[in-house]
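*Asks:* What follows is a predicted protein model with its sequence.
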Amino acid sequence: MKYSSDIKKSISEDLITINSCGELRLNSDSHIQRYAGRNDYQLIYICEGNCAVTINGTVHIAYPDDVILYRPGEVQDYFLSKKTQPHTYWIHFNGDICKKLLETLSLQNIHIIKAGQNRDIKHLVSRVCQYYNLQISNHSLLCSALMQSVLTLLSNEAHKAPPQPGSKSTDKISELISRIKMVPNLDISVAACAEFCYMSKPHFSRIFKRTTGMSPVQFILGLRIDRAKELLDFTDKTIADVAEASGFQDQNYFARTFKKMTGLTPTQYRRADQAE
């Protein structure tokens with residue numbers, strides 16, 4: 001059977017075209033059986049509830065934060081029971097780039113992907129649905145970029161190495177480091193970092209140093225000094241403003257720390273850079 005949403009053509013061979021998408025909350029059972037499949041690709045994100053997916057005669061259960069992925073022409077047989085209060089996002093898409101992209105990402109033969117460890121995937125899927133249905137300016141380009149990001153992140157989750165002992169602690173520290181790097185002037189203590197990672201302060205400090213080779217204090221100070229260098233190099237901010245923007249509440253402490261780590265005072269550093 002040919003579906004009306006299947007017939008859209010990609011506006012460029014390099015873009016993914018969204019044919020239709022949306023959010024679904026069911027208060028009745030829904031059993032989808034398309035034995036000839038569709039002419040496009042389909043992605044289903046399970047937000048809540050369970051979905052029974054039949055693949056090659058075997059029933060698999062997709063749980064919350066799992067993603068179901070169908071290719072064109074594949075048999076689609078899945079059941080959503082109202083008892084589990086299913087809530088899903090769904091996206092139908094196509095484009096010349098899709099087949100090659102899925103092959104590059106090694107997703108061509110995978111039907112269910114556990115995406116729960118990556119909170120960005122659900123966010124991006126919901127944004128595709130939002131931007132497409134609102135038809136905002138340049139939504140085709142935006143949705144294509146978001147879908148490529150979704151598929152790339154799904155590939156990362158599908159092919160992630162099995163967790164090793166202590167990997168959860170390392171993952172949490174990696175998340176913390178990412179946040180600190182994004183906001184280097186964040187006023188954050190070692191105790192707050194340990195709480196974020198659900199660890200005691202001593203345990204956190206040991207794991208952090210084992211992961212980065214530095215103590216938390218050394219690491220945070222290094223990031224703040226790097227930020228200060230950028231501001232001294234590329235802005236006309238006063239030394240006081242540079243200190244504050246780099247996360248130092250005390251200008252004198254900033255100056256002492258900067259000289260200890262670079263061998264120059266902030267003023268000497270700026271003059272040396274301007275003289276080059």
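*Replies:* Structure's in. What do you need?
*Asks:* for the stretch 1-150 of the chain, which spans come out with low pLDDT?
*Replies:* By pLDDT under 70, the weakly predicted segments of the stretch 1-150 of the chain are 1-13, 117.
*Asks:* Please enumerate the strands of it.
*Replies:* Remark: strands assigned in the stretch 1-150 of the chain by DSSP state E, counting those that start in this stretch are 17-25, 30-34, 41-48, 51-55, 58-62, 66-70, 76-80, 87-94, 112-114.
*Asks:* residues in contact with I207?
*Replies:* By CB atoms under 8 Å, 6 or more residues apart in numbering, the contact list for I207 reads 166, 169-170, 173, 197, 199. (Glycine included, C-beta is placed from N, CA and C.)
*Asks:* Any chance of the residues you listed in a markdown table with distance to A158 as columns?
*Replies:* What follows is the contacts of I207, written out as a markdown table (distance: CB to CB, whole Å):
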| residue | distance to A158 |
| --- | --- |
| G166 | 23 |
| S169 | 23 |
| T170 | 20 |
| I173 | 24 |
| C197 | 26 |
| M199 | 29 |
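*Asks:* Which ones among these map onto strands?
*Replies:* Among the contacts of I207, DSSP state E puts none in strands.
*Asks:* Any of those buried? List them.
*Replies:* 169-170, 173, 197, 199 (16 or more other CB atoms under 10 Å).
*Asks:* Those: which two are farthest apart?
*Replies:* T170 and M199 (11.5 Å; CB to CB).
*Asks:* check contacts around the closest residue to A243 other than its chain neighbours.
*Replies:* Counting by CB to CB, 6 or more residues apart in numbering, A243 lies nearest to F254, which is 3.8 Å off, once chain neighbours are set aside. By CB under 8 Å, 6+ apart, the contact set of F254 is 228, 239, 242-243, 246, 248, 266.
*Asks:* how far away is F254 from L221?
*Replies:* 10 Å (CB to CB, to the nearest Å).
*Asks:* Compare the contacts of F254 and tell me which is most surrounded.
*Replies:* Counting neighbours by other CB atoms under 10 Å, the top entry in the contacts of F254 is A228, with 27 neighbours.
*Asks:* What helix or strand is that residue located in?
*Replies:* helix 216-234 (DSSP states H and E).
*Asks:* helices and strands around that helix, which ones?
*Replies:* helix 167-182, helix 190-196, helix 201-212, helix 239-245, helix 251-262, helix 266-275 (3 or more CB pairs under 8 Å, 6 or more residues apart in numbering; DSSP states H and E).
*Asks:* got JSON lines for these, with mean pLDDT too?
*Replies:* Listed next are the helices and strands packed on helix 216-234 as JSON lines, based on pLDDT from 0 to 100:
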{"stretch": "helix 167-182", "mean pLDDT": "79"}
{"stretch": "helix 190-196", "mean pLDDT": "89"}
{"stretch": "helix 201-212", "mean pLDDT": "90"}
{"stretch": "helix 239-245", "mean pLDDT": "93"}
{"stretch": "helix 251-262", "mean pLDDT": "94"}
{"stretch": "helix 266-275", "mean pLDDT": "83"}
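*Asks:* so of those helices, which one's packed in deepest?
*Replies:* helix 239-245 (a mean of 18; mean count of other CB atoms under 10 Å).
*Asks:* which outside residues touch that helix?
*Replies:* So helix 239-245 is contacted by 185, 227-228, 231-232, 235, 237, 250-251, 254-255, 266-267 (CB under 8 Å, 6+ apart).
*Asks:* Return the member of these nearest to I97.
*Replies:* R227 (38.1 Å).
*Asks:* wait, what's in contact with the closest one?
*Replies:* 184-185, 245-247.
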